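1. build me a model:
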Amino acid sequence: MKRLPRIEQYGLIGDMQTSAHVCDDGSIDWLCLPRFDSPAVFAGLLGTQKHGSWQISPTAPAGRSDGEAVAERRYHGDSLVLESVWRTPTGSARVLDFMPPRDGAPQVIRIVEGMTGEVPMVSALRPRPGYGSVSPWIHEVGGRMAAEAGADALWLDTCVQQVEKDGVIVSAFAVAAGQSVAFVLSWCPSHAAAPDVPDPEAALAETLTFWQDWTQEGTYDGPYREPVVRSSIALKAMTYGPSGGIVAAPTTSLPEEIGGGRNWDYRFTWLRDASTTLAALLGTGYRQEAQAWRRWLLRAVAGDPENLQIMYGITGDRDLRERELPWLPGYEESRPVRVGNGAADQLQLDVYGEVIETLYLAHQSGVAHCADTAVLHQRLIEHLAQRWQEPDEGIWEIRGARRHFVHSKVMAWVAIDRTIRLAEAGALDMDLDTLVELRETIHREVCTKGFDPERNTFTQSYGSQELDAATLLIPRVGFLPPEDPRVIGTVDAVRRELSTPDGLVRRYPTIGNHAGVDGLKGDEGTFILCSFWLVDALALTGRLDEAHALFERLLALRNDLGLLAEEYDPVQQRQLGNFPQAFSHMGLIQSARLLHLLSTQSSPHRGAVAVPAPRSPARRPRQTCKDLTSQHA
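-> Sure thing, here's the model as predicted:
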C-alpha cells in the first residue's frame, strides 16, 4: 500500500461542477460525482487506496515499488489541463488529465502519449462509491467496463484490454513514441442509459479552448501575473456553473493539524468566502461570475433574509447537517472525517458586510443593479440594524460561547457604509440620515470597546486580551485610515504575538490540549489568508519593502502547480487544511493587485485601494434598475 502523499503533491482538475485531485504519482485519490458535494467515488485521500483511487503510471520493474517513478508536472498554458511527464529507463511518456466543461455526463479523461522509446504503463481503477464504503458490481457491457452501486454507475472506455480483478479494473499496455492511449471515466445514474462513447481528442481541444477564452477575459497585467492568473483559474474551478455558487474548497476533512480533529467539510458556499472570491474576480475583470452569484444569492436567501444562513449548499440547499464517517481513517489518521457542516446554524454578523461589499463592488464594476437585489439589500440592512449589537460566532466559526467580535462589528460598519454609498449613487432608496447615524454609532462603539489603549491594539472581542488577525482588515476596508496610530499599533501587535519568525500569521492563539477561545482543543498551522492580510496591512502602512518580501515568501509556499491549501505548517514545512482553498487564492490576488497599485503611486497613503473615508449624505434620484443579467455599456 502506497504512502499517503503530502497535500501539496496533488493537482486539481475540474469541470465547474466537481473536481478531482491528481497526485504526482499518477493516482486520482479524490473525486465526488456528479457534484462537489456528492459522495466521493474515490476517497483514498482520506484513507488508503482501498477507499477508491485511479492510478495511471509506468509499470514498476521487479524489485521496485509503485510510485517511485518521477513525474514532471505543469498545467498546459492558462488551463486546467494537467500534464505529467514520466521518464523511465526505456523511454518517456506524458499523461494529460482533465475534465471537459460539462455538456452531458461528467467525465474524467486521461490521455497517455508516448514521447521517446517505449514505456510500459498500467491503469488501476478502484471505484468505491459512498466515500469508499461500497464495492460496486463491475461487469463488461459491449466492450465497456461498468461499475454500478446503488444510484451510481461509472463507465470506463479505452482501446486497450480491461480486466477486473478483486474489485480493480486493470489495463496493462505500452506506449511508444508517437502513440497514445486514452481512458475516459463517465458517470451517470445507474438506472439511466449508458453515456455516449466520448471522443477524447475533441474533448481535449474543447477544454483548452474554454480555458483560453476564459482567461483572456481577465484584465490584470501587472507584476505577479502568473500567480494571479493561476489563482483565478483555481477560483473558477471552484465555481458550480449551473447555479453560480462557489465552494470554499473542493475537499472535506483535510486536517488543520496532522492527527488532530479540526477537520471540516468545505464543499459548500459560504456567503463570506463566495463574496470575497467574487471581489477578487471582479478586480481582475470577471463580471459574469458576479452576475451568476447574485442570482444564486437571491434564490438561496429567497424571501427570508431574517433567517439568513452564513452558508448554503451549492444550489442553495439549507440542510447541511454534520455527520462523521467512521469507516474512513482520515488523512494521516486525522479523525474524524466529517461531511456536512454544523456552522450553517451559526450567527456570523460579518457576512452582511462581505455580501454588501460585493454588491457594492459589482455596481462599481459596471454590473447593473436590479430591483430584486435592491429589495433584498434593503431587508438585509434592516435586519442587521436590529441585530448588530448581539454577540456572534464570528468569522472563524467558533464552537464555544458567542462573543462581541471586533471583526464582526467592523464588517457591520462596512455593510452600512457601502449601503450609504450605493444610496448616494442613486442605486438604493433608503433613509440616509438614519444610516449615517448608525454608521457613526457602530464606529464609536468599536473604537471604545474593541480597542486596548494600553497595548495600542484592537483585540479579538470586546474586553478580551486575545488578538485576532482579522483586525488587520481595518485599514483595508476603510474603517480607519492606514496612518492612524491605532492601525499601526494593531499591525505591530499581530506581528509580535501571532506571527512566526518568517512572517506567517496565525488566526488567533490556540492552547493545545485545552479548549481555546474557539471552544476547540488542538492547534493549527499558520493561516495563509491572514498572512496575505498582513501583506496588505504592511503595504498600506507604508512598509512596501516588507510587504513585497512577505508576499514573495507566500508565493514560495505554493506547490509546483501554483496551488495553496488553507494553512501552512512552518515547522514541518507542509500545507495543511482543505485544498485548494478559495480564501488563500483570493488573498493572493488581492495582495498582488494592492502591491501593484501602491507601487505605482508616489505615496502609500494616498488611499486609492482602501475605501475612501465616509462622505456626508446627499440625496440623489433613484437609478432605474435593469434586467438582472444586463450590464452597463
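
2. so which strand or helix has Leu588?
-> helix 582-599 (DSSP states H and E).

3. so what's the gap between that helix and the chain middle?
-> Centroid separation between helix 582-599 and its chain, computed with Cα atoms, centre = their mean, to the nearest Å, is 15 Å.

4. kindly report the same for stretch 154-169.
-> When distances are taken as Cα atoms, centre = their mean, stretch 154-169 is centred 33 Å away from the chain's centroid.

5. got any ranges where this protein has weak pLDDT?
-> Applying pLDDT under 70 to the chain flags residues 1-3, 61-70, 303, 368-369, 511-516, 602-633.

6. where do the helices of it begin and end?
-> For the chain, helices defined by DSSP state H occupy the ranges 129-132, 200-215, 225-237, 271-283, 288-301, 350-364, 371-387, 406-424, 432-449, 485-498, 528-540, 544-555, 582-599.

7. so for Leu576, which of those helices sits nearest?
-> helix 528-540 (9.4 Å; Cβ to Cβ). From N, CA and C alone the C-beta is placed, and that goes for glycine too.

8. hang on, the earlier thing: closest one to Asn456 among the helices of the chain?
-> Nearest to Asn456, of all those, is helix 485-498, at 3.3 Å by Cβ to Cβ.

9. elements contacting that closest one?
-> When contacts are defined as 3 or more Cβ pairs under 8 Å, 6 or more residues apart in numbering; DSSP states H and E, helix 485-498 packs onto strand 457-458, helix 528-540.

10. turn those into TSV, columns for mean neighbour count.
-> Below are the helices and strands packed on helix 485-498 laid out as TSV (neighbours: other Cβ atoms under 10 Å):
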stretch	mean neighbour count
strand 457-458	24
helix 528-540	26
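
11. adding distance to Gly143, write the ones you listed out as CSV.
-> Putting the helices and strands packed on helix 485-498 into CSV (distance: least, Cβ to Cβ, whole Å) gives the following:
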stretch, distance to Gly143
strand 457-458, 66
helix 528-540, 47
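
12. between the ones you listed, which gets nearest to Ile398?
-> Ile398 lies closest to helix 528-540 among the helices and strands packed on helix 485-498, at 15.8 Å (Cβ to Cβ).

13. tell me the angle the closest one makes with helix 582-599.
-> If you take axes from the mean of the first three to the mean of the last three Cα atoms, to 10 degrees, helix 528-540 sits at 10 degrees to helix 582-599.

14. helix 528-540: how far from the chain's middle?
-> The answer for helix 528-540 is 18 Å, by Cα atoms, centre = their mean.

15. ditto for stretch 490-508
-> 23 Å.

16. strands of the stretch 51-200 of the chain, start to end?
-> 53-58, 71-75, 82-88, 91-98, 107-126, 137-141, 144-149, 152-158, 163-165, 168-176, 180-189 (DSSP state E, counting those that start in this stretch).

17. turn these into TSV, columns for mean neighbour count and distance to Asp560.
-> Below are those laid out as TSV (neighbours: other Cβ atoms under 10 Å; distance: least, Cβ to Cβ, whole Å):
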stretch	mean neighbour count	distance to Asp560
strand 53-58	26	17
strand 71-75	17	6
strand 82-88	19	11
strand 91-98	23	15
strand 107-126	21	19
strand 137-141	13	34
strand 144-149	20	32
strand 152-158	22	28
strand 163-165	11	33
strand 168-176	18	24
strand 180-189	21	24
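
18. which one of those strands lies closest to Val436?
-> Once the strands of the stretch 51-200 of the chain are compared by Cβ to Cβ, strand 71-75 is nearest, at 48.7 Å.

19. ok, and what's touching the closest one?
-> 11, 24-26, 57, 81-87, 230, 233, 560-562 (Cβ atoms under 8 Å, 6 or more residues apart in numbering).

20. pull up the pairing partners for it, direction included.
-> In the sheet, strand 71-75 lines up against strand 82-88 (antiparallel) (DSSP bridges).

21. give me the angle between the strand it pairs with and strand 91-98.
-> 160 degrees.

22. chain neighbours aside, what residue packs nearest to Val229?
-> Residue nearest to Val229 in three dimensions, not counting chain neighbours: Asp78, with 5.6 Å by Cβ to Cβ, 6 or more residues apart in numbering.

23. correct me, but that neighbour touches Ser231?
-> No - the pair Asp78 / Ser231 is not scored as a contact, 11.6 Å apart, by Cβ atoms under 8 Å.

24. relative to Ala149, how far out is the closest residue to Pro198 other than its chain neighbours?
-> With sequence-adjacent residues excluded and distances taken as Cβ to Cβ, 6+ apart, Pro198 is closest to Val184, at 4.9 Å. Per Cβ to Cβ, to the nearest Å, Val184 is found 19 Å from Ala149.

25. same check on Asp345?
-> 32 Å.

26. sorry, back to before: kindly state the beta-bridge partners for the residue nearest to Pro198.
-> Ile109, Asp157.

27. list the contacts of it.
-> Gln107, Val108, Ile109, Arg110, Leu156, Asp157, Thr158, Val197, Pro198, Pro200.

28. let's see it at 6 Å
-> Contacts for Val184 (Cβ atoms under 6 Å, 6 or more residues apart in numbering) come out as Gln107, Ile109, Asp157, Pro198, Pro200.

29. my guess is the second one contacts Pro200. True?
-> Think Ile109. Yes - proximity of Ile109 to Pro200 meets the contact threshold set by Cβ atoms under 6 Å, at 5.2 Å.

30. which of Asp78 and Ser231 has more residues huddled nearby?
-> Ser231 (28 against 17; other Cβ atoms under 10 Å).

31. distance of that one relative to Ser599?
-> 19 Å.

32. do Val494 as well
-> Taking Cβ to Cβ, one finds Val494 at 23 Å from Ser599.
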